[in-house]
Structure formats: C-alpha cells, structure tokens
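*Asks:* Just need the structure, nothing else, for what follows:
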Amino acid sequence: MQLSESVRKQVLGFQQTEITEYHIYKRLAKKINSPENASIIEQIAEDELRHYNGWKKYTNQDVQPDWFSVWFYYLISVLFGFTFGIKLMERGEENAQENYAGVSSTIPEAIKFQHEEDVHEEQLINMLDEERLRYAGSIVLGLNDALVELTGALAGLTLALQDVKLIALSGLITGIAASMSMAASEYLSTRSEETSKQPVRAAIYTGIAYIVTVALLVLPYLIFDNYILDLVITLSIAVVIIAVFNYYISVAKGESFRARFLEMAGLSLGVAVVSFVIGYFIRQWLGIGV
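*Replies:* Presented below is the predicted three-dimensional model:
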C-alpha cells in the first residue's frame, strides 16, 4: 500500500511508540517478583510488539525505540511502583491513540489497534496487584491524620508559644506519640476486618506515612527562627504533600485528582486556621508569655 507522506510519518510515530512500550514492559516483567503480575506485563509487551509489526507492514521500515522514554518510565516504575509507571505511560499515549482514527480511512486496521489499546490493555492493567496500592488506604490514613492533626497543632502552638524550639519539641512529641497510636489503631482495625491486608503491614504503612509527614511539617521550625515564616512554610509543605500524594493516587488508581486534593487541602488548612485562632485566644485568656 502506498501511503502519503503525512500518513507514513504518523505511522512511523505509532511504530516508535509501540516498540518503545514493548521494551519498557519487557524490562518491567523481568523486575517484578510476582509471577502473576509478570505474566500480565509480558502479555501487554507481546501486544505492543504485535502492534509494532502490524504498523510495519504498511511502512516496511524498522524504527528504533525512544531509549530515553524506555529508561525514564522504567526508573519511574522502579521508584514509585510499576502500576504508577505503567498508568503514567498510558496517559501519555492517549493522544497517540486518538490519532489512530485519523489514519483509519487509509489503514482500516488502525481501528482494531485502537480498540485493543483502549480496552484489552486497560483490562490487563487493572488486573495488576501491587502491595503498595493494596495498602493505599493505610497510607491515606497516616498521611491525612498527620496533616490534619499536625498542621492544626503547629498552628495553635505557633501563636500560643511563639518560640520555635518549644514549638518543634511539642510538635515532635505530639507527632511521634500520635503516629504510634495511629499505627496501633490501624493494626486493630485491620485485624478485625475480613481483608487480604496483613495487620502488621497495614500498621507499618500507616505509622511510616504519619512519621514522615510529621518530620516534614516540623522541619521548618528546626531551621528558621521566625515562627510566622515557619508556619507559612509548614502549611506550604502540607499542600505540596497533599498534591504529590493525590497525583500519585489519581494516576495509579484512576481517581479524580481535583476532588481528592481539594478535600484533603481544605480539611488540613481549615483545621490549621481554626487552631491558629484558638491558640491566640488561649494565649490572651491565660496571659501566658513564653
């Protein structure tokens, strides 16, 4: 079949996308310990290679993969989990899939490829079972509770004490105690539920998420001497943590980023404002000067 120059250029782009993803999936399949997950990813890789060869029939030309993308998505998957890496990559491929319809009048098989990309691979990806996503609820519990409780506590302490060392000390003691309490609560809660999650692991995920959040929120008070500046930085860090985590979850689990982000940010900052005001009135009421 003789292709026009513009269609041929598009098809060569499709080929590169398919062969690039083939190499990404093949590398991930070798890295994953779970035989079930490795098998699913191997199957997706073979689909990508089949699509590559399907496009090649029309160009009669081999195309080299985009090696930068191969290693970029491979490293992202290793660092942040293969489900996140794969779904992030598939998000980037959506525009390419929309272009399949543009060449379907010349290459009818493009519709079949698009259908397989849209349906079959999505079904396979949703079959993936990754531990860190199974325990996402435990991580959300630790993060959300730490963000709400610590931003509120630090805001109240900031105006009540107005001493960065005392605020940092109080925040750390409160945060560490609360992290152990939350971990214990998650252990008991998970043990009482009918779930595939292991109580000890759920508690560890909750506790780690909590203590890391506490450390990041208290950090400004250990570095800067201006307590108002420290509070502003702490609240900014809280918003960044909320944004990063919710972006991760929105990609990995296909949930709405905007709704989750606004909910968590609204709760954390709302509690912080109320606590800040309460801290001011308590200080005035008790006449405390530190």
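*Asks:* where's the spatially most central residue of the chain relative to Ser256, distance?
*Replies:* Centroid-nearest residue in the chain: Tyr248, 1.3 Å away (criterion: C-alpha atoms, centre = their mean). To Ser256, Tyr248 is 13 Å away according to C-beta to C-beta, to the nearest Å. Placement of C-beta: from N, CA and C, glycine included.
*Asks:* picking up where we left off before, after the one helix or strand the residue nearest to the centre of the chain maps to, which helix or strand is next?
*Replies:* Using DSSP states H and E, Tyr248 falls within helix 227-252. Counting by DSSP H and E, the element after helix 227-252 in chain order, helix or strand, is helix 257-286.
*Asks:* Please name every helix or strand in contact with that following helix.
*Replies:* helix 136-161, helix 227-252 (3 or more C-beta pairs under 8 Å, 6 or more residues apart in numbering; DSSP states H and E).
*Asks:* where does the chain dip in pLDDT?
*Replies:* For the chain, the stretches with pLDDT under 70 are 1, 92-98, 101, 118-134, 137, 194-196, 279-280, 282-290.
*Asks:* Mind splitting it into its structural domains?
*Replies:* As assigned by automatic domain parsing, the chain contains the domains 5-129, 132-286.
*Asks:* Give me the buried stretch members for stretch 68-79, please.
*Replies:* Buried residues in stretch 68-79, counting neighbours by 16 or more other C-beta atoms under 10 Å, are found at Ser69, Val70, Tyr73, Tyr74, Ile76, Ser77.
*Asks:* returning to what we had before: residues in contact with the residue nearest to the centre of the chain?
*Replies:* Phe80, Phe84 (C-beta atoms under 8 Å, 6 or more residues apart in numbering).
*Asks:* Give me the distance between it and Leu12.
*Replies:* Tyr248 sits 33 Å away from Leu12, going by C-beta to C-beta.
*Asks:* next one: Lys57
*Replies:* Noted for Lys57: a distance of 13 Å to Leu12, by C-beta to C-beta.
*Asks:* And for Ile242?
*Replies:* For Ile242, the distance to Leu12 - C-beta to C-beta - is 42 Å.
*Asks:* One more: Ile237?
*Replies:* Here the distance between Ile237 and Leu12 works out to 45 Å (C-beta to C-beta).
*Asks:* and Ser6, how many neighbours?
*Replies:* Close neighbours of Ser6, defined as other C-beta atoms under 10 Å, add up to 10.
*Asks:* so where does it fall, helix or strand?
*Replies:* Counting by DSSP H and E, Ser6 is part of helix 5-31.
*Asks:* helices or strands next to that helix in the packing?
*Replies:* Counting contacts by 3+ C-beta pairs under 8 Å, 6+ apart, helix 5-31 packs against helix 35-59, helix 67-80, helix 82-103.
*Asks:* The ones you listed: which one's closest to Leu217?
*Replies:* helix 67-80 (22.1 Å; C-beta to C-beta).
*Asks:* Can you dump the C-alpha atoms of the closest one in PDB for me?
*Replies:* What follows is helix 67-80, C-alpha atoms only, in PDB (Å, rounded to 0.1, in the frame of the first residue of the first chain):
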ATOM      1  CA  TRP A  67      15.500   4.900  24.600                       C
ATOM      2  CA  PHE A  68      15.200   8.000  26.900                       C
ATOM      3  CA  SER A  69      11.500   7.100  27.400                       C
ATOM      4  CA  VAL A  70      12.400   3.400  28.000                       C
ATOM      5  CA  TRP A  71      14.700   4.200  30.800                       C
ATOM      6  CA  PHE A  72      12.600   7.100  32.200                       C
ATOM      7  CA  TYR A  73       9.500   5.000  32.600                       C
ATOM      8  CA  TYR A  74      11.500   2.000  33.800                       C
ATOM      9  CA  LEU A  75      13.100   4.100  36.600                       C
ATOM     10  CA  ILE A  76       9.800   5.800  37.500                       C
ATOM     11  CA  SER A  77       8.200   2.300  37.800                       C
ATOM     12  CA  VAL A  78      11.100   1.000  40.000                       C
ATOM     13  CA  LEU A  79      10.900   4.000  42.300                       C
ATOM     14  CA  PHE A  80       7.200   4.600  42.500                       C
END
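*Asks:* Please consider this matter closed, and thank you.
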